[in-house]
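**Q** my questions are about this predicted structure, shown below with the sequence.
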Amino acid sequence: MKLLVLLSLVAVTCQASSRHERRFPDDFLFGTATASYQIEGGWNADDKGENIWDRMTHTNPDVIKDRSNGDVAADTYNNYKRDVEMMRELGLDAYRFSLSWSRILPNGLSNKVSEAGVNFYNNYIDEMLKYNITPMVTLYHWDLPQKLQDLGGFINPNIADWFEDYARVVYEKFGDRVKHWITFNEPREVCYQGYGDVTKAPILNATDVGTYHCAKHLVLAHAKAYHAYANDFKPTQGGVCGITISVNWMGPLTDTEEDKFAAELKRQADWGLWAEPIFSEEGGFPKEISEIVARKSAEQGYSQSRIPVFTDQERELARGSSDFFGVNHYTANLVSASEYKFNWVIPSLYADIDVGTYTPPEWDQAASVWLKLAPNSIYNALTHLHNKYNGPVFYITENGWSQLLEDRYEDDHRIKYYRAALNSVLDCLHDGVDLRGYMAWSLMDNFEWMEGYTERFGLYEVDFESEQKTRTPRKSAFVYKEVIRSRVIDPDYEPETRTMWIDEGH
Ligand code: GBH
């Protein structure tokens, strides 16, 4: 009998090692991600302060597709134990979530710290740690305290100090247990969509200068929070601090020099504005963008370039200010110098770079208009960044697929997308990209910003009509669970039951 066990063990080991290349390392962190405003609810619980999403959805409900808001959302404020139970069901190694700034500092400033807010996050974190789930904490996922917005938000240079103060409170309260910090989620979405457009709060629509001034101040805010951690907390707490940038792959439509340059401009506009100052050798904003905007600004009659410069001191502050590169990745576009152009408002970020984008009709389409399954897009994006920035540590901090509410359990498109994405992750690992973890977006359905509750990204469905905000696993939850457990992608795996369970040791 003993011999038999031994023999079958040998067989299993051999099988595993023959697939060695297609296996996720045991210390690779598999997780899921969420964000405070999208799941928490409790918008005015205890002494929480108002934030820009509270203000915008309450005063201007028409900007949200279904006129909904995050007042209650998935009610994680009351359901956090159920959230952690779902993490255990999936067998997650890690969980990425964000802190609501105005829940911790009701005025945005650090003179008053909310005890109730701090308690809530303490409970959430402690519940994860009980089951060995590594918390990965984002400080800012778009819910700025309204008071700071009234003072100009990211257009006011003081935002860097306000953010550092907030970061210090958070490190001090939670840093004994949290070892993975992300300062900002997706600066492009904060600055372009919020300040240069009308597709995120505070819908400022300052198309000419909004994006660029926000970009500089956000980078400096990040850098100050990074150095505060590196100097005053890391020596005793021993964690890492980085930033998450949205990096969809932008490749040339054809291999002409014009299209290759157009793709480079698109990459600089989409992520280079934030990645270059932090991860490049030279620091500061991307050269080509700065040149184009300076030239156009002069032609357009502005007294100064619409894109600011970094002083030498600011450049040095930001350069190298990240322990890892967090990547939110969803899709790809093909970029053209001459075709498929959109009528952008002039002047604006995308009018400045003036390129066109295209996606082939054969790429599978998600419920979100902007989201398609693009082949090898994680591999293309990460190997590009790996080469460009000298092999930094990466985490994929978001990746996922949307559907409409109708398909409640069967989500085969999502499963197809995740399998493709995870294969692309394995290709990265095989080629030496230092990728340490992968967070699926999202643990559960949540408030999808301007789309309200009409687009669903969850591995768990949430019944927002129900009192309990009941969470039910979709088929993809079982498939992801099996990947995490086995550390391989089995293309034929089919769950045998719709009833979830918790494996021993979780
Ligand atoms: C992430 O953004 C967010 O971090 C997360 O909160 C969100 O729920 C998740 O993705 C799913 O959307 O409508 O054509 O103007 C992803 C990057 C960039 C995707 C802006 C939507 C809008 C494009 N987002 N984009 S469009």
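**A** It's in.

**Q** what is the neighbour count of Glu398?
**A** 25 (other Cβ atoms under 10 Å). In short, each C-beta sits where N, CA and C put it, glycine included.

**Q** so what's it up against?
**A** When contacts are counted by Cβ atoms under 8 Å, 6 or more residues apart in numbering, Glu398 touches 33, 96, 244, 328-330, 439-442.

**Q** now it, what are its backbone angles?
**A** With angles defined as degrees, to the nearest 10, Glu398 sits at phi -160, psi 140.

**Q** CA-only coordinates of stretch 58-68 in CSV, if you can.
**A** Coordinates of each C-alpha in stretch 58-68 appear next as CSV, following Å, rounded to 0.1, in the frame of the first residue of the first chain:
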residue,chain,number,x,y,z
HIS,A,58,-26.5,62.9,-5.4
THR,A,59,-26.5,66.2,-7.2
ASN,A,60,-26.2,65.0,-10.8
PRO,A,61,-27.7,61.4,-11.0
ASP,A,62,-28.2,61.7,-14.7
VAL,A,63,-24.5,61.1,-15.4
ILE,A,64,-24.9,57.5,-14.2
LYS,A,65,-26.5,55.2,-16.8
ASP,A,66,-29.1,53.7,-14.5
ARG,A,67,-29.2,56.8,-12.2
SER,A,68,-27.8,54.6,-9.4
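
**Q** mind listing what's buried along it?
**A** Residues 63-64, 68 are the ones in stretch 58-68 that count as buried (16 or more other Cβ atoms under 10 Å).

**Q** avg pLDDT for it?
**A** For stretch 58-68, mean pLDDT is 98.

**Q** before we move on, what about stretch 215-228?
**A** Taken as a whole, stretch 215-228 has a mean pLDDT of 99.

**Q** and that stretch, what's buried?
**A** For stretch 215-228, a neighbour-count test (16+ other Cβ under 10 Å) marks 215-228 as buried.

**Q** helices or strands up against the host helix or strand of Glu316?
**A** Using DSSP states H and E, Glu316 maps to helix 312-318. Under the contact criterion of 3 or more Cβ pairs under 8 Å, 6 or more residues apart in numbering; DSSP states H and E, helix 312-318 touches helix 210-232, helix 273-279.

**Q** need the contact partners of the last one.
**A** Just to be clear, that refers to helix 273-279. Under Cβ under 8 Å, 6+ apart, the answer for helix 273-279 is 187-188, 191, 211-212, 215, 218-219, 222-223, 243, 245, 268, 282-286, 289, 310, 315, 318-322, 325, 385, 388-389, 392.

**Q** which of the residues you listed are buried?
**A** Using 16+ other Cβ under 10 Å, the buried ones in the contacts of helix 273-279 are 187-188, 191, 211-212, 215, 218-219, 222-223, 243, 245, 268, 283-286, 289, 310, 315, 318-319, 321-322, 325, 385, 389, 392.

**Q** ok, Lys260 - how many residues close by?
**A** Other residues close to Lys260 by other Cβ under 10 Å number 16.

**Q** tell me the contacts of it?
**A** So Lys260 contacts Pro252 (Cβ under 8 Å, 6+ apart).

**Q** same check, this time on Asn78
**A** 41-42.

**Q** just the pLDDT at it, thanks.
**A** In this model, Asn78 carries a pLDDT of 98.

**Q** for the residue in the chain that the ligand sits nearest to, phi and psi?
**A** With Cβ to the nearest ligand atom as the measure, Trp370 is the residue of the chain nearest to the ligand, at 3.8 Å. The phi/psi pair for Trp370 (degrees, to the nearest 10) reads phi -90, psi 0.

**Q** can I get the helices and strands packed on helix 312-318 in CSV including distance to the ligand?
**A** Below are the helices and strands packed on helix 312-318 laid out as CSV (distance: least, Cβ to the nearest ligand atom, whole Å):
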stretch, distance to the ligand
helix 210-232, 13
helix 273-279, 13
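
**Q** okay, those helices in CSV with distance to Tyr417 next?
**A** Below are the helices and strands packed on helix 312-318 laid out as CSV (distance: least, Cβ to Cβ, whole Å):
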stretch, distance to Tyr417
helix 210-232, 30
helix 273-279, 25
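
**Q** nearest to Phe478 among those would be which one?
**A** helix 273-279 (35.8 Å; Cβ to Cβ).

**Q** next helix or strand past the closest one?
**A** Counting by DSSP H and E, what follows helix 273-279 is helix 287-299.

**Q** tell me what that following helix is packed against?
**A** helix 257-267, helix 349-353.

**Q** what does that helix contact?
**A** Against helix 287-299 from outside (Cβ under 8 Å, 6+ apart): 212, 264-265, 268-269, 272-273, 284, 304-307, 309, 347, 352-353.

**Q** show me which pair in those residues is furthest apart.
**A** Of all pairs in those, the most separated under Cβ to Cβ is Glu264 and Gln304 at 25.5 Å.

**Q** of the two, which one has the most company?
**A** Each of Glu264 and Gln304 has its neighbours counted (other Cβ under 10 Å); Glu264 has more, 18 against 11.

**Q** list the contacts of that one.
**A** Applying Cβ under 8 Å, 6+ apart, the residues near Glu264 are Glu288.

**Q** near the ligand, which residues of the stretch 251-400 of the chain are found?
**A** For the stretch 251-400 of the chain, the residues in contact with the ligand (Cβ under 6 Å from any ligand atom) are 328, 330, 369-370, 398.

**Q** quick one: the strands in the stretch 1-150 of the chain, in order.
**A** 29-33, 94-98, 134-140 (DSSP state E, counting those that start in this stretch).

**Q** so how many other residues sit close to the closest residue to Ala206 other than its chain neighbours?
**A** Excluding its sequence neighbours, the residue lying closest to Ala206 (Cβ to Cβ, 6 or more residues apart in numbering) is Tyr195, at 5.6 Å. Neighbourhood size, Tyr195 [other Cβ under 10 Å]: 25.

**Q** I figured Tyr195 hits Phe154, correct?
**A** Yes: between Tyr195 and Phe154 there is a contact under Cβ atoms under 8 Å: 6.5 Å.

**Q** and the residue lying closest to Val462 once chain neighbours are set aside, what is it in contact with?
**A** Nearest residue to Val462 in three dimensions, chain neighbours excluded: Asp445, at 4.1 Å (Cβ to Cβ, 6+ apart). Neighbouring residues of Asp445 by Cβ under 8 Å, 6+ apart: 74, 453, 456-458, 460-462, 464.

**Q** including neighbour count and pLDDT, could those go into TSV?
**A** Below are those laid out as TSV (neighbours: other Cβ atoms under 10 Å; pLDDT from 0 to 100):
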residue	neighbour count	pLDDT
Ala74	30	98
Tyr453	21	97
Arg456	26	97
Phe457	26	98
Gly458	29	98
Tyr460	24	98
Glu461	21	97
Val462	23	97
Phe464	18	97
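
**Q** for those residues, which one is nearest Ile125?
**A** Distances from Ile125 to the contacts of Asp445, taken by Cβ to Cβ, are shortest for Ala74, at 18.0 Å.
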